[in-house]
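Chemist: after the sequence you'll find the predicted model.
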Amino acid sequence: MPAKRIVVVGGTAAGPKAAARAKRLNQAAEVVLLQKAPELSMASCGYPYYVSGGVADRDQLLCTPAGVVRDPLFFAGAKGVKALVGVEALAVDRQGKTVMYRKAGMTGTESISYDKLILCTGSTPRMPRFPGGELEGITALHSMSDADRLREIAMKGKGGKAVIAGGGLIGMETCEALASCGMDVTVVEKLPGILAFLDPELSMLVENHVRSKGVKILTSIGVAGFEGSDGHVKSVLLDDGRALDCDLVVMALGVAPNVKLARDAGLVIGETGGIVVDAHMRTSDQDVYAAGDCVEVYSRLTGGKALAPYGDLANLEGRVAGENAAMGDRAEFPGTIFSGICKVFDFAAGSTGLSRQKALDAGYDVITVVNASPDKPGFMGAKLLVSKMIADAGTGRILGFQCVGAGEVNRQVAEAAMAVMAGMTVEEACMADLPYAPPFSLAIDHFIATAHILDNKMRGLLKGVSCLEVQRDLDTGLKPYFLDVRGPKEFEEMRLGIGEKLIPLGQLRSRLDELPADKNTMIVTYCRVSMRGYEAQRILEAKGYEHVVVMEGGIMAWPFAREK
């Protein structure tokens, strides 16, 4: 196999993976990695936990599982890769097949030739040009230096005030980090809710949890600018005219693909703003590959192109690019289904596949269900999960799944991700053969139970209604007959207070005379998680009631105010 020189630009996630894979498969190749930052292979998704002090040692974000720091010496010795840090790639000459670069602190430039080039230039934080944006104390959390600066502030931040612009993944993780250090934190989100990958009813549950930790959340409102004194930010101006006092502002408005190097080199940039690549991660130049946050990828559910700036995908894409640069185009990246998860205080929030709205936008005939139930038996320390499954009503194909709560969210979303990737139907998921033992799950795992509920709904056995629809009816003056079928003690401890009638499920058959005489009356049944609500619906339908629906997820999935 002839020796090659493979040059990789970018050293965070996709770049180191591509370089290591290329050298591992083609030991005769010379692999050179150019990295602008002084660090290599940073675990950037761990920055919020470093800021909070949960990760005590900075080097832990740069280490292998064996505890070895991934520096140039490590890459040279263990990987056979020549890694140059503090080196900024300035231009690519595709005709001459060279990359021009500049070393940190130097004015002159140098060039390196390549046989194959892999661009892993990542992304840049979105920092709109608001008035006052030049003030000190306004930062992103994108680089290691950002994390160092925020950690220093957070470690002495008790009593300080922080405003986070953006309620997405990074915004909410940073919110937790700063709040756990004693800072007074306010999150400002222009969209109607935080964590836009969640449907509203689940997003609201997470929002309620965050508020319970003392964090203020302002939604449906944007940042208009900043004011300060002595060159330091002192307040955030909102677009409704209000001003929020602060000592620190973290801009968490998402990221944009860093494509300047590629665009200047004449490579094709897609409508999404990312570099266009094929399944081999090859760009419009057969000798140039690209991977990571800087590229657009194929959506396996919509067939379109999208940006997917996730660390795990960057590694997978880098692996494909590295193999193909070293061995020819034999590996493929099949695209993404957009799986993600984040920790928010004592909750986790995760999703995979399409949300309800995105599924509708993609042209699917959408049917959904919400399930609230524990992650394991009560005698094993069960914790609540609230999930939503999205499917195509015609084919039964599972299109998406979301889960929030204090239980093992990651397991549920991982199971769902495999089902979505495999094109499984709801009916097939109902019979999924998963490992079971009481310390780990219920006999019918939460994900399978969610499929059972949706299967019942698709077959017409369960007639469900979401809490959003119930609240919408209340807001517009419509008032169905609300039937709570829990026990009296449960009712005294917690209740919605929406004019509901309490009839415990075990007494329902003997107390039918207390229900409306008109059997065309709309009756909404529910309990704690609506398992008993479903039993009540089946009983009432058998007795001739025509319009009985179950409030999916019950009281535990209710995100609005309660009486108790």
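Modeler: Cool, got the structure.
Chemist: what does the lowest-mean-pLDDT helix or strand in the chain rub up against?
Modeler: Here the helix or strand of the chain ranked lowest by mean pLDDT, DSSP states H and E is helix 144-155, holding a mean of 91. For helix 144-155, contacts defined as CB atoms under 8 Å, 6 or more residues apart in numbering pick out 37-39, 42, 44, 47, 50-53, 58, 61, 139-141, 160, 174, 177-178, 181, 183, 248, 250. Glycine gets a C-beta too; all of them are placed from N, C-alpha and C.
Chemist: in that helix, what's buried?
Modeler: Met144, Asp146, Ala147, Arg149, Leu150, Arg151, Ile153, Ala154 (16 or more other CB atoms under 10 Å).
Chemist: related to what we said a few turns ago, which of the contacts of helix 144-155 count as buried?
Modeler: Neighbour-count burial (16+ other CB under 10 Å) applied to the contacts of helix 144-155 gives 37, 39, 42, 44, 47, 50-52, 61, 139-141, 160, 174, 177-178, 181, 183, 248, 250.
Chemist: so of those, which ones are in strands?
Modeler: When DSSP state E is applied, the buried ones among the contacts of helix 144-155 are split such that Thr139, Leu248, Val250 fall in strands.
Chemist: now these in CSV, please, with extra columns for pLDDT and distance to Val529.
Modeler: Listed next are these as CSV, based on pLDDT from 0 to 100; distance: CB to CB, whole Å:
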residue, pLDDT, distance to Val529
Thr139, 95, 42
Leu248, 95, 40
Val250, 96, 36
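Chemist: just for this structure, where's the confidence low?
Modeler: Applying pLDDT under 70 to the chain picks out residues 1-3.
Chemist: that one - how does it break down into domains?
Modeler: Following automatic domain parsing, one gets these domains for the chain: 5-123+256-327, 138-253, 340-458, 464-557.
Chemist: make CSV out of the ones you listed and add distance to Glu563.
Modeler: Shown next, in CSV, are the domains of the chain (distance: least, CB to CB, whole Å):
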stretch, distance to Glu563
domain 5-123+256-327, 36
domain 138-253, 16
domain 340-458, 19
domain 464-557, 2
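Chemist: would you tell me which of the ones you listed gets closest to Pro131?
Modeler: Pro131 lies closest to domain 138-253 among the domains of the chain, at 3.7 Å (CB to CB).
Chemist: compute the first-to-last residue distance for the closest one.
Modeler: End-to-end span of domain 138-253 (CA to CA, to the nearest Å): 13 Å.
Chemist: stretch 376-394 now?
Modeler: 32 Å.
Chemist: one more: stretch 340-356?
Modeler: Terminal residues of stretch 340-356 are spaced 16 Å apart (CA to CA).
Chemist: stretch 28-38 too?
Modeler: Criterion CA to CA; first-to-last residue distance in stretch 28-38 is 27 Å.
Chemist: so which residue is dead centre in the protein?
Modeler: Geometric centre of the chain, nearest residue: Gly340, 3.7 Å, by CA atoms, centre = their mean.
Chemist: return the residues in contact with it.
Modeler: Each residue near Gly340 by CB under 8 Å, 6+ apart is listed here: Leu169, Phe197, Tyr310, Gly350, Ser351, Thr352.
Chemist: try 10 Å
Modeler: Shown in contact with Gly340 (CB atoms under 10 Å, 6 or more residues apart in numbering): 169, 195, 197, 308, 310, 312-313, 349-352, 413, 417.
Chemist: and for Asp115?
Modeler: Neighbouring residues of Asp115 by CB under 10 Å, 6+ apart: Pro2, Ala3, Lys4, Arg5, Ile6, Val7, Ala29, Glu30, Lys97, Asp287, Ala325.
Chemist: please flag which of these sit within helices.
Modeler: Using DSSP state H, Ala325 are the members of those that sit in helices.
Chemist: just among the contacts of Asp115, which is most surrounded?
Modeler: Among these, Ala325 has the most neighbours (other CB atoms under 10 Å), with 32 neighbours.
Chemist: what pairs with the spatially closest residue to it that is not a sequence neighbour across the strands?
Modeler: In space, and not counting its chain neighbours, Ala325 is closest to Lys116: 4.0 Å by CB to CB, 6 or more residues apart in numbering. Note on Lys116: beta-bridge partners by DSSP bridges are Ile6.
Chemist: distance of Lys116 relative to Met327?
Modeler: Using CB to CB, to the nearest Å, Lys116 is found at 10 Å from Met327.
Chemist: before we move on, the earlier item: how far does the least confident helix or strand of the chain sit from the chain's center?
Modeler: Distance of helix 144-155 from the chain centroid (CA atoms, centre = their mean, to the nearest Å) equals 23 Å.
Chemist: re the thing from before, tell me the phi and psi of the residue nearest to the centre of the chain?
Modeler: phi -160, psi 160 (degrees, to the nearest 10).
Chemist: next: Leu261.
Modeler: phi -60, psi -40.
Chemist: residues near it, how many?
Modeler: Neighbour tally, Leu261, other CB under 10 Å: 21.
Chemist: so who does it touch?
Modeler: Counting by CB under 10 Å, 6+ apart, Leu261 touches 9-10, 88-92, 99, 119, 121, 267, 275, 290, 294.
Chemist: among the residues you listed, the buried ones, what's the ChimeraX command?
Modeler: Selecting only the buried entries of the contacts of Leu261 in ChimeraX, with 16+ other CB under 10 Å as the criterion:
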select :9,10,88,89,92,99,119,121,267,275,290,294
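Chemist: narrow the contacts of Leu261 to those in strands?
Modeler: Val9, Glu88, Ala89, Leu90, Ala91, Val92, Val99, Leu119, Ala290.
Chemist: against Val87, how distant is Met100?
Modeler: Going from Met100 to Val87 by CB to CB gives 11 Å.
Chemist: wait, I meant Thr352
Modeler: 37 Å.
Chemist: of the two, which one has the most company?
Modeler: Neighbour tally, Thr352 and Val87, criterion other CB under 10 Å: the higher count belongs to Thr352, 27 against 23.
Chemist: dihedrals phi and psi, that one?
Modeler: phi -150, psi 150.
Chemist: which residue packs closest to Ser113, ignoring adjacent ones?
Modeler: Thr98 (5.0 Å).
Chemist: who is the one you found paired with across the strands?
Modeler: Beta-bridge partners of Thr98, as defined by DSSP bridges: Asp93, Ser113.
Chemist: so what's it up against?
Modeler: By CB under 10 Å, 6+ apart, the residues touching Thr98 are Val7, Ala91, Val92, Glu110, Ser111, Ile112, Ser113, Tyr114, Leu117.
Chemist: near the closest residue to Val7 other than its chain neighbours, how many other residues are there?
Modeler: Counting by CB to CB, 6+ apart, Tyr114 is the residue found nearest to Val7 once chain neighbours are left out, at 4.0 Å. The number of residues packed near Tyr114 is 24, by other CB under 10 Å.
Chemist: could I get the contacting residues of Tyr114?
Modeler: Contacts for Tyr114 (CB under 10 Å, 6+ apart) come out as 4-9, 30, 32, 92-94, 96-99, 287-288, 325.
Chemist: picking that back up, joint contacts of Lys116 and Met327?
Modeler: What both Lys116 and Met327 touch, as defined by CB under 10 Å, 6+ apart, is the set Lys4, Ala22, Ala29.
Chemist: which among those gets closest to Ser530?
Modeler: Checking these one by one against Ser530 (CB to CB), the nearest turns out to be Ala22, at 53.3 Å.
Chemist: and the closest one, that's in a helix?
Modeler: Yes - under DSSP: H, G, I helix; E, B strand; the rest coil, Ala22 falls within a helix.
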